[in-house]
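Colleague: take a look and give me a structure for this.
(chains A and B)
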Amino acid sequence: QKEVEQNSGPLSVPEGAIASLNCTYSDRGSQSFFWYRQYSGKSPELIMSIYSNGDKEDGRFTAQLNKASQYVSLLIRDSQPSDSATYLCAVNPGGGSYIPTFGRGTSLIVHP
Amino acid sequence: AAGVIQSPRHLIKEKRETATLKCYPIPRHDTVYWYQQGPGQDPQFLISFYEKMQSDKGSIPDRFSAQQFSDYHSELNMSSLELGDSALYFCASSSGHSNQPQHFGDGTRLSIL
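Modeller: The predicted model follows:
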């Protein structure tokens, strides 16, 4: 069974700090990787997509992918209380399937 | 920018009733996905459609059915509702049956009494 693992948290960081969220996956053939932010009772909101090894930056967010080690991470710089949410890692498997496997999510709390 | 539109936002039903959830994808998106999310759970994939044909099937109960229409909107039909069907139901859309990311609607909160 293809798995996506995330630490459920909560991860608590002070305002202005860097939050680091990690995700590991089991399927070596995975092709695309996504980070979603989900506030309680709301829908997942796409934050980042990453497809190749290395870093991808978008504003305060940086996604890092290491296919050899099968992990993908999300860094949030200058964390704000409004970043407090659950962050879902989603991984598209290879082999022609485009249905992502979601992790259970990491709860992030940014305290003032 | 236009997003995925779902209706209704909230729905209350009793056991053994039926429900229909609707989803209007982002314009020019041809692929629609349905998910069920219980409290504290990750989204569970139910079913997807690409170009009006079922493309993948997940953990959708036999009591549920879905289709995608010529205008690409999709409907999830749920019958013989059970208490355990109470959940958030999300629709997502993407462009093409590909590695493009999915964009989620605001969801329908279904409560079964």
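
Colleague: quick check: residues of chain B near chain A?
Modeller: Residues of chain B lying close to chain A (C-beta under 8 Å from any C-beta of the partner chain) are B:31, B:33, B:41-43, B:45, B:48, B:56, B:58, B:88, B:90, B:94, B:97-99, B:101-107, B:109. The way it works is simple: take the backbone N, C-alpha and C, and place the C-beta from them, glycine included.

Colleague: ok, now with 7 Å
Modeller: Neighbours of chain A within chain B, by C-beta under 7 Å from any C-beta of the partner chain: B:42-43, B:45, B:48, B:56, B:58, B:90, B:97-99, B:101, B:103-107.

Colleague: now list the buried members of the residues you listed.
Modeller: Among the residues of chain B next to chain A, those classed as buried by 16 or more other C-beta atoms under 10 Å in any protein chain shown are B:42-43, B:45, B:48, B:56, B:90, B:97, B:99, B:101, B:103-107.

Colleague: of the residues you listed, which belong to strands?
Modeller: Under the assignment DSSP state E, these contribute B:45, B:48, B:56, B:90, B:103-104 to strands.

Colleague: let me know the closest of these to chain A.
Modeller: residue B:104 (4.2 Å; C-beta to the nearest C-beta).

Colleague: for the helix or strand of chain B at the bottom of the mean pLDDT ranking, what is the distance to the chain centroid?
Modeller: Among the helices and strands of chain B, strand B:53-57 carries the lowest confidence by mean pLDDT, DSSP states H and E, at a mean of 92. Centroid displacement of strand B:53-57 relative to its chain, using C-alpha atoms, centre = their mean, to the nearest Å, is 13 Å.

Colleague: show me what the helix or strand just after that strand is packed up against.
Modeller: Downstream of strand B:53-57, the first helix or strand assigned by DSSP states H and E is strand B:64-68. If you count contacts as 3 or more C-beta pairs under 7 Å, 6 or more residues apart in numbering or on different chains; DSSP states H and E, strand B:64-68 packs onto strand B:44-50, strand B:74-78.

Colleague: list the buried residues in the shortest one.
Modeller: Within strand B:74-78, the residues that qualify as buried by neighbour count (16+ other C-beta under 10 Å) are B:74-76, B:78.

Colleague: hmm, back to that, kindly reformat the helices and strands packed on strand B:64-68 as a markdown table containing mean pLDDT and distance to residue A:28.
Modeller: Output for the helices and strands packed on strand B:64-68, formatted as a markdown table (pLDDT from 0 to 100; distance: least, C-beta to C-beta, whole Å):
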| stretch | mean pLDDT | distance to residue A:28 |
| --- | --- | --- |
| strand B:44-50 | 94 | 21 |
| strand B:74-78 | 98 | 33 |
